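*Asks:* sequence and predicted model, in that order:
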Amino acid sequence: SILIVDFGSQVTQLIARRVREAGVYSEIAPFTTAAEAFARMQPKGVILSGSPASVLDDGSPRVPPVVFESGVPVLGICYGQQVMMQQLGGQVVLGESGEFGQAFIEIQDDCVLFDGLWAPQERHQVWMSHGDKVIDLAPGFRPVAVSPGSPFAVVADDARRYYATQFHPEVVHTPDGAKFLANFVRHVCGLSGEWTMAEFRAAKIADIRKQVGKGRVICGLSGGVDSAVAAVLIHEAIGEQLTCVFVDHGLMRSGEADQVVSLFRNSYNIPLVHVNAEATFLAGLAGVTEPEKKRKFIGAAFIDLFEAEAKKVGGADFLAQGTLYPDVIESVSFTGGPSVTIKSHHNVGGLPERMNMQLVEPLRELFKDEVRALGRELGLPEAFVGRHPFPGPGLAIRIPGEVTKERCDILRKADSIYLEEIRTAGLYDAIWQAFAVLLPVRSVGVMGDGRTYDNVLALRAVTSTDGMTAQAFEFPGGFLARVSTRIVNEVRGINRVTYDYTSKPPGTIEWE
Ligand code: XMP
């Protein structure tokens with residue numbers, strides 16, 4: 001395994017992800033507890049992360065001595081390089097000007113980290129983000145790559161198997177970075193690259209048991225993939241000590257709430273409290289048309305109902321959540337400074353502050369595609385694991401204007417025809433999200449010999465990698481016409497269908 005010593009960089013989790021992608025197990029430990037983690041794991045290599053700190057500050061983070069005493073290979077990244085040089089006898093100074101963003105390095109010499117990747121005299125794109133820089137290498141090191149701002153963009157001490165880079169190989173803006181890190185874990189540390197999700201599952205199960213002991217855990221299900229995967233994993237770890245609560249707001253797509261309930265009760269035999277709160281939510285939404293008011297009401301009502309149920313269950317010590325890594329980083333702004341609230345996102349989040357329980361968050365290190373892989377590993381059905389993202393407030397934000405039971409039912413019918421056609425056409429997995437929006441607009445039509453005056457429906461489908469930006473999906477010719485005909489013929493209350501071509505930005509994915 002690889003131990004990643006975290007000095008507080010925003011992108012430390014990406015190092016772990018790249019190591020996982022290379023098929024090697026890794027754990028992240030904050031520098032404060034890295035010595036214990038080292039003793040427990042006996043890792044075959046150590047990676048030192050970046051940091052917002054400066055090695056020149058008093059009391060700035062240090063590498064635990066055991067790392068250098070043990071003789072394992074070490075790779076320092078950015079701050080990791082600087083702290084390594086400082087502790088091993090080199091010198092670091094305050095940079096007059098830092099390097100931030102895209103940069104080009106020039107390869108000077110062969111290095112095991114460049115195997116199959118880079119050769120001397122070549123120039124390659126990397127991502128830099130540093131103010132301080134190394135001016136004197138520690139004894140034993142030689143420079144193998146330079147950049148305009150750093151004479152020691154990559155340095156190597158092959159005898160001790162110590163390597164360090166000023167750039168960040170873990171981010172996507174260093175296009176060869178993943179292979180560079182794979183070279184470290186495979187060629188330098190000699191790890192075989194056969195680690196899989198099966199081992200992640202086993203390791204997390206051990207962690208959960210250790211954290212929870214004999215305590216009781218309560219888990220809020222949203223009906224989506226993340227909370228379901230978290231719950232199934234936790235159940236595997238602690239069985240009957242887990243209770244799941246599904247606050248069903250009645251604003252799910254057709255059949256999806258039932259799927260979750262039956263998955264838990266029938267396929268996994270996991271105790272589940274199903275709170276059918278459709279009436280409460282619809283009553284609270286009556287007369288509400290303003291999008292933020294809808295969102296705020298749904299978020300607050302959800303928490304109230306969950307809390308009431310948790311009290312009935314009684315005596316839970318831990319609250320489990322399916323928090324993913326993107327949820328963690330989104331809450332800490334990368335650029336600093338407050339960002340404007342475009343939409344108040346509602347998740348099972350917001351609960352911990354209220355409930356005064358310890359958190360169990362086994363998916364905190366994972367990205368969406370990794371959660372899906374873990375879900376498959378746990379035996380969740382493909383149709384469930386591969387589901388498109390669905391917003392916490394559900395159909396309420398896909399019905400501009402007032403939300404009523406009747407409008408929810410109309411939307412559910414139209415939406416299910418749309419998705420059925422997408423699945424039949426084999427397009428589901430090519431799309432990030434597809435859904436219908438029931439507009440508060442009526443239009444005139446003619447059916448048979450009669451005049452109709454009915455609702456307009458908008459269809460939306462987008463491609464995206466992370467939901468932050470998105471493009472409208474281009475359906476093959478004839479597809480939208482077929483869906484439109486089916487919806488107008490089969491769904492009473494809709495007589496016109498449109499397609500939304502707006503990208504994000506300037507639009508958002510959901511309409512509200
Ligand atoms: P927008 O509409 O902001 O959506 O472009 C980006 C992604 O987030 C989903 N979304 C939500 N997810 N709670 C969630 O869990 C919410 O309140 C929420 N609002 C939007 C949206 O479906 C898309 O995937």
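*Replies:* On my side now, so go ahead.
*Asks:* burial of the closest residue to the ligand within the stretch 51-200 of the chain, as a residue count?
*Replies:* Residue nearest to the ligand within the stretch 51-200 of the chain: Val172 (19.8 Å; Cβ to the nearest ligand atom). Just so you know, the C-beta spots here come from the backbone N, C-alpha and C atoms, and that holds for glycine as well. Counted with other Cβ atoms under 10 Å, residues neighbouring Val172 total 10.
*Asks:* can you give me the pLDDT of the closest residue to Pro52 other than its chain neighbours?
*Replies:* Counting by Cβ to Cβ, 6 or more residues apart in numbering, Gly8 is the residue found nearest to Pro52 once chain neighbours are left out, at 5.8 Å. With respect to pLDDT, Gly8 scores 89.
*Asks:* my read: Gly8 touches Ser54, true?
*Replies:* No. Applying Cβ atoms under 8 Å as the test, Gly8 and Ser54 come out as separate, 11.8 Å apart.
*Asks:* could you check how far the spatially closest residue to Arg376 that is not a sequence neighbour is from Ala119?
*Replies:* Leaving aside its chain neighbours, Arg376 sits nearest to Val385 (5.6 Å; criterion: Cβ to Cβ, 6+ apart). Val385 sits 42 Å away from Ala119, taking Cβ to Cβ, to the nearest Å as the criterion.
*Asks:* so between these two, which is more surrounded?
*Replies:* When Val385 and Ala119 are compared for neighbours, Val385 comes out ahead with 19 against 9, by other Cβ under 10 Å.
*Asks:* is it true that the more buried one touches Asp369?
*Replies:* No. Look at Val385 against Asp369 with Cβ under 8 Å: they stay out of range, at 10.5 Å.
*Asks:* next, count neighbours for Gly448.
*Replies:* Gly448 is flanked by 6 other residues according to other Cβ under 10 Å.
*Asks:* ramachandran coordinates for it?
*Replies:* Note on Gly448: backbone dihedrals following degrees, to the nearest 10 are phi 60, psi -130.
*Asks:* where's it relative to Arg442, distance?
*Replies:* The gap separating Gly448 from Arg442 is 19 Å, by Cβ to Cβ.
*Asks:* ok, now Ser147?
*Replies:* In this view, Ser147 and Arg442 are 62 Å apart by Cβ to Cβ.
*Asks:* these two: who's more crowded?
*Replies:* The neighbour comparison of Ser147 against Arg442 (other Cβ under 10 Å) goes to Ser147, with 20 against 14.
*Asks:* mind listing the strands for the stretch 351-500 of the chain?
*Replies:* 358-360, 433-447, 450-463, 471-472, 494-499 (DSSP state E, counting those that start in this stretch).
*Asks:* buried sites along stretch 468-488?
*Replies:* Across stretch 468-488, burial judged by 16 or more other Cβ atoms under 10 Å covers Ala470, Ala472, Phe473, Phe475, Leu480, Val483, Ser484, Arg486, Ile487, Val488.
*Asks:* with adjacent residues omitted, what lies nearest to the third one?
*Replies:* Looking back up the chat, that one is Phe473. In space, Phe473 comes closest to Ala461 once its chain neighbours are excluded; the distance is 3.9 Å by Cβ to Cβ, 6+ apart.
*Asks:* go on, the second one?
*Replies:* Nearest non-adjacent residue to Ala472, counting by Cβ to Cβ, 6+ apart: Tyr501, 4.6 Å away.
*Asks:* part of a strand, is the one you found?
*Replies:* No. Read with DSSP: H, G, I helix; E, B strand; the rest coil, Tyr501 is coil and lies in no strand.
*Asks:* please verify my assumption that it contacts Gln471.
*Replies:* No. Contact criterion Cβ under 8 Å: Tyr501 and Gln471 do not qualify, at 9.4 Å.
*Asks:* longest helix of this protein?
*Replies:* helix 291-313 (DSSP state H).
*Asks:* what segments of the stretch 251-400 of the chain are helices?
*Replies:* For the stretch 251-400 of the chain, the helices defined by DSSP state H, counting those that start in this stretch occupy 256-262, 278-285, 291-313, 325-330, 351-355, 368-377, 382-385.
*Asks:* weakest of those helices by average pLDDT?
*Replies:* Minimum mean pLDDT among the helices of the stretch 251-400 of the chain: helix 325-330, a mean of 64.
*Asks:* what count of nearby residues applies to Lys44?
*Replies:* The burial count for Lys44: 17, using other Cβ under 10 Å.
*Asks:* residue contacts, it?
*Replies:* Contacts of Lys44 were listed using Cβ atoms under 8 Å, 6 or more residues apart in numbering, and they are Ser1, Ile2, Val72, Pro73, Cys189, Gly190, Leu191.
*Asks:* again, 7 Å this time
*Replies:* Lys44 makes contact with Ser1, Ile2, Val72, Cys189, Gly190, Leu191 under the criterion Cβ atoms under 7 Å, 6 or more residues apart in numbering.
*Asks:* ok, and the most crowded of those residues?
*Replies:* Ile2 (28 neighbours).
*Asks:* gap between the spatially closest residue to Ala103 that is not a sequence neighbour and Gln86?
*Replies:* Leaving aside its chain neighbours, Ala103 sits nearest to Met128 (4.4 Å; criterion: Cβ to Cβ, 6+ apart). Distance, Met128 to Gln86, using Cβ to Cβ: 19 Å.
*Asks:* where does this structure have its least confident helix or strand?
*Replies:* When the helices and strands of the chain are scored by mean pLDDT, DSSP states H and E, helix 325-330 comes last with a mean of 64.
*Asks:* for the ligand, what's its nearest residue on the stretch 151-300 of the chain.
*Replies:* Counting by Cβ to the nearest ligand atom, the stretch 151-300 of the chain gets nearest the ligand through Arg295, at 6.2 Å.
*Asks:* that residue is in contact with Pro393, isn't it?
*Replies:* Yes. Under the criterion of Cβ atoms under 7 Å, Arg295 makes contact with Pro393 at 5.4 Å.
*Asks:* start to end distance for stretch 393-402?
*Replies:* 14 Å (Cα to Cα, to the nearest Å).
*Asks:* which segments of this structure make up each domain?
*Replies:* 2-188, 212-385, 404-499 (automatic domain parsing).
*Asks:* need the winner for burial among the ones you listed.
*Replies:* domain 2-188 (a mean of 19; mean count of other Cβ atoms under 10 Å).
*Asks:* quick check: Arg486 vs Phe479, distance?
*Replies:* Distance, Arg486 to Phe479, using Cβ to Cβ: 11 Å.
*Asks:* and the angle for the longest helix of the chain with helix 278-285?
*Replies:* 140 degrees (axes from the mean of the first three to the mean of the last three Cα atoms, to 10 degrees).
*Asks:* so which elements touch helix 291-313?
*Replies:* If you count contacts as 3 or more Cβ pairs under 7 Å, 6 or more residues apart in numbering; DSSP states H and E, helix 291-313 packs onto strand 217-221, strand 242-248, strand 272-276, helix 278-285, helix 351-355.
*Asks:* could you check the angle strand 242-248 makes with the fourth one?
*Replies:* Going by the same axes, to 10 degrees, helix 278-285 is angled at 50 degrees with respect to strand 242-248.
*Asks:* what residues does helix 278-285 touch?
*Replies:* Asp248, His249, Gly250, Leu251, Lys294, Phe297, Ile298, Ala301, Ala396, Val403, Lys405.
*Asks:* at 6 Å instead, please
*Replies:* Residues external to helix 278-285 that are found in contact with it (Cβ atoms under 6 Å, 6 or more residues apart in numbering): His249, Gly250, Phe297, Ala301, Val403, Lys405.
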